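Q: Got a predicted structure here, sequence first:
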Amino acid sequence: MKQSQLLSKTRKEAPKDEASKNAELLIRAGFIHKEMAGVYSFLPLGLRVLNRVNDIIREEMNAIGGQEILLTTLQDRELWEKTGRWSDEVVDNWFKTKLKSGTELGLGFTHEEPLTALMKNHVRSFRDLPLYPYQIQTKFRNEMRAKSGIMRGREFLMKDLYSFSRDEKEHSLFYEKAKLAYMSIFDKVGIGEMTYITSASGGTFSKYSDEFQTITDAGEDTVYVCEGCKIAINGEVLEGKKECHNCRLSDLKERKAVEVGNIFNLGIRFSEALNLTYLDEEGKEKFVVMGSYGLGPTRLIGTIAETLSDKDGLVWPKRVAPFDVHLVEISDENNEVRKVSERVYSMLKKRGVEVLFDDRELRAGEKFKDSDLIGIPLRLIVSKKTFDGGLFEVKERASGKISMIKEDDLCGFARDYLK
RNA sequence: CGGGGUGUGGUGUAACGGCUAACAUUCUUGUUUUGGGAACAAGCGACUCCGGGUUCGAAUCCCGGCACCCCGACCA
């Protein structure tokens, strides 16, 4: 894509109504637009990142048997009353609205109820199980206070998978697989190293749950990290925990972290309340054992922005970057550079490399600053200075490393780097 | 929801109760520039968040509302 046609513009100054680094950078670089507190729109660059994050999530969920669906946002009051989660005393962050007739509706903040009810149409026999439907969908939570940019919004995207198993044993098997799939997602989006499987409270669902916590000062949670075992314990449940495997409690390090995922064993809490049952091999009726597995793509993007950016701007990991290569041309008086850039641009595009081509009539400094801010993994500079010698300068955004590459080798170099 | 703070062109800021609301940036046009946010010139762009009040006169003072930010509480 040519940058002269991109709808967003970068900004030099940080917006005054944002304090968090993620929102500041994402807004300055033109990835998102703030609609109101805790509510953000995604612009072309931001949506590209979001789509790539979602693709990675789909890849991992499909690999463990997930089937993608899309549930509704509007929620039926009567259904939620059956599980006791309609009342504002129980769930204080409901957004509620009304039909013209006066009937109350809710805007979904999670989807255990509607999906469990829906599954009754499809689950009858032990042969129908297990099933792992998931969706990537907008959730609404009427937070008292939105904060931390896109890390805690009132409207945000969430991937929620629900497992429907025959018994606890089958459930545990999947639960452990889901854990690995989650860690694989965090690895692929570039924050695996600083993300820990964390023992946490199960809230109203269960006694314990597993969270995925990424270490960053921008986080709201306090966790105790055991670096040896690569696991952590959430401060909220530290009481009562004597040790982490073989390590002593005193060896754990206190860290601020952001919860990027959370998985729960739901048992039969919902299948019992909504009567989701199946007939086992002996013809006996049993409740389906459930689990839920949440992960917020938008929060994940915020976390990447928080943890991987530097003083010059965003630094996107290869797998989630909006483009692979930022082609920056430094124009000359007789349009020679333009000709070469156009040639390189179409060559790379033809071979499947995603390129943002900065073809704007601006000075070099300004283009470099913008390029740093946007944070595409590789910067390819086309200027008279270097291509006269048959070489192109390629700079890695993350490390700053510079390589001089021949035109014929550009595509190969990019592919190798992006692998 | 408790406490604190802030609302001025698209963005970031300035303006004692008193001239046509200023500066920078963005944007437009032109000339000169061309490897780290260039220089000059000429322009476009604002009911100073909304509603009341005080005053000869309000961006400025007072009251009410709304929005946004921060701390705390909450976060299934």
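A: Good, I have the coordinates.

Q: For the rest of this, base every contact and every neighbour count on C-alpha atoms.
A: Fine.

Q: Could you report the separation of the residue of the stretch 51-200 of chain A found nearest RNA strand B from residue A:161?
A: Per CA to the nearest atom of the strand, residue A:91 is where the stretch 51-200 of chain A lies closest to RNA strand B, at 3.4 Å. Look at residue A:91 and residue A:161: by CA to CA, to the nearest Å, they are 21 Å apart.

Q: quick one, which of those two is more surrounded?
A: residue A:161 (24 against 12; other CA atoms under 10 Å).

Q: Which residues does residue A:380 form beta bridges with?
A: residue A:327, residue A:394 (DSSP bridges).

Q: what helix or strand is the residue of the stretch 251-400 of chain A found nearest RNA strand B on?
A: Proximity of the stretch 251-400 of chain A to RNA strand B (CA to the nearest atom of the strand) peaks at residue A:365, 2.7 Å away. Element membership for residue A:365, per DSSP states H and E: helix A:364-374.

Q: what packs against that helix?
A: Where contact means 3 or more CA pairs under 8 Å, 6 or more residues apart in numbering; DSSP states H and E, helix A:364-374 is packed against strand A:325-330.

Q: orientation of the strand it packs on relative to helix A:364-374 in degrees?
A: In terms of direction (axes from the mean of the first three to the mean of the last three CA atoms, to 10 degrees), strand A:325-330 departs from helix A:364-374 by 170 degrees.

Q: Now do strand A:325-330: distance to the chain's middle.
A: Distance of strand A:325-330 from its chain centroid, counting by CA atoms, centre = their mean, to the nearest Å, is 28 Å.

Q: Do me a favour and average the pLDDT over it.
A: Averaged over strand A:325-330, pLDDT sits at 96.

Q: quick one, helices of the stretch 51-200 of chain A?
A: A:77-82, A:112-119, A:168-188 (DSSP state H, counting those that start in this stretch).

Q: closest one to residue A:70 among these?
A: The minimum distance between residue A:70 and the helices of the stretch 51-200 of chain A falls on helix A:112-119, with 10.0 Å, by CA to CA.

Q: And the closest one, what's buried?
A: The neighbour-count check on helix A:112-119 (16 or more other CA atoms under 10 Å) flags A:112-117, A:119 as buried.

Q: As CSV, the residues you listed with pLDDT would be great.
A: Putting the buried residues of helix A:112-119 into CSV (pLDDT from 0 to 100) gives the following:
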residue, pLDDT
A:112, 97
A:113, 98
A:114, 98
A:115, 98
A:116, 98
A:117, 98
A:119, 98
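
Q: List the contacts of the residue of the stretch 51-200 of chain A closest to RNA strand B.
A: Residues near residue A:91 by CA atoms under 8 Å, 6 or more residues apart in numbering: residue A:85.

Q: Now the residue in the stretch 151-300 of chain A that RNA strand B sits nearest to: phi and psi?
A: Residue of the stretch 151-300 of chain A nearest RNA strand B, by CA to the nearest atom of the strand: residue A:203 (3.7 Å). Residue A:203 adopts backbone torsions of phi 60, psi -140, taken as degrees, to the nearest 10.
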